[in-house]
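1. structure for this input, please:
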Amino acid sequence: MSRTEGSGTKARRQAIRRLVVAGKIRTQNELAEKLLEEGFRATQATISRDIRELGLIKVSDIDGRAYYTLPETHDRLQANDQLKILYRSAVRKTEQAMNLVVIHTAVGLAQGVCAMIDRLGWDGVVGTLAGDDTIFIATTGEEAATRVMEVLRGI
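-> The predicted structure is shown next:
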């Protein structure tokens, strides 16, 4: 049984958020098809309004093809890209000490690297502290610190 136009706006918008996070939705028609598969029948005008109300934005992937994303997802992707650039140029050494990750940077660059890490909101990170050339990342335990180290090594 499909839902009718106008009913279940909140549920439809939750479905849109879920669909956009789950995969690259490139067009409103594609979104309409995915919604129909989930039992939501919506016109192009309704989908357009939902996109506007949810604040979805279009970004390009590495191939230059546009797709819809949530603003917070886009911010996270931008922060991740910025961290990679800054990390590669600023960081001199990274170490793990039990539940702490210690990052040594060039003088004056620790705060910028730390701000990018904070924006990413990694699971298991309970706090960060940056000086002039050193960052401490406190995690919930050694496993979380190891995961942070793996992410940093991947950069």
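
2. any idea how far Tyr67 is from Gly23?
-> 9 Å (C-beta to C-beta, to the nearest Å). All C-beta atoms are positioned from the backbone trio N, CA, C, and that covers glycine.

3. and those two? Which one has more around it.
-> Tyr67 (17 against 11; other C-beta atoms under 10 Å).

4. and the more buried one, what element?
-> strand 66-69 (DSSP states H and E).

5. restricting to C-alpha, output that strand in CSV.
-> Listed next in CSV are the C-alpha coordinates belonging to strand 66-69 (Å, rounded to 0.1, in the frame of the first residue of the first chain):
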residue,chain,number,x,y,z
ALA,A,66,26.5,16.0,-9.4
TYR,A,67,24.4,14.4,-6.6
TYR,A,68,22.3,15.5,-3.7
THR,A,69,23.8,15.5,-0.2
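
6. so which residues make contact with it?
-> 20, 24-26, 31, 51, 56-61, 77 (C-beta atoms under 8 Å, 6 or more residues apart in numbering).

7. pull the most distant pair out of these.
-> Using C-beta to C-beta, the two most remote members of the contacts of strand 66-69 are Leu31 and Leu77, lying 19.8 Å apart.

8. of these two, which one has the most company?
-> Leu31 (23 against 13).

9. who's in contact with the closest residue to that one other than its chain neighbours?
-> Once flanking residues are discounted, Leu31 sits nearest to Ile25: 5.0 Å by C-beta to C-beta, 6 or more residues apart in numbering. Neighbouring residues of Ile25 by C-beta under 8 Å, 6+ apart: Leu19, Leu31, Lys34, Tyr67, Tyr68.

10. buried ones in stretch 37-44, by neighbour count?
-> If you call a residue buried by 16 or more other C-beta atoms under 10 Å, then stretch 37-44 has these buried ones: Phe40, Ala42.
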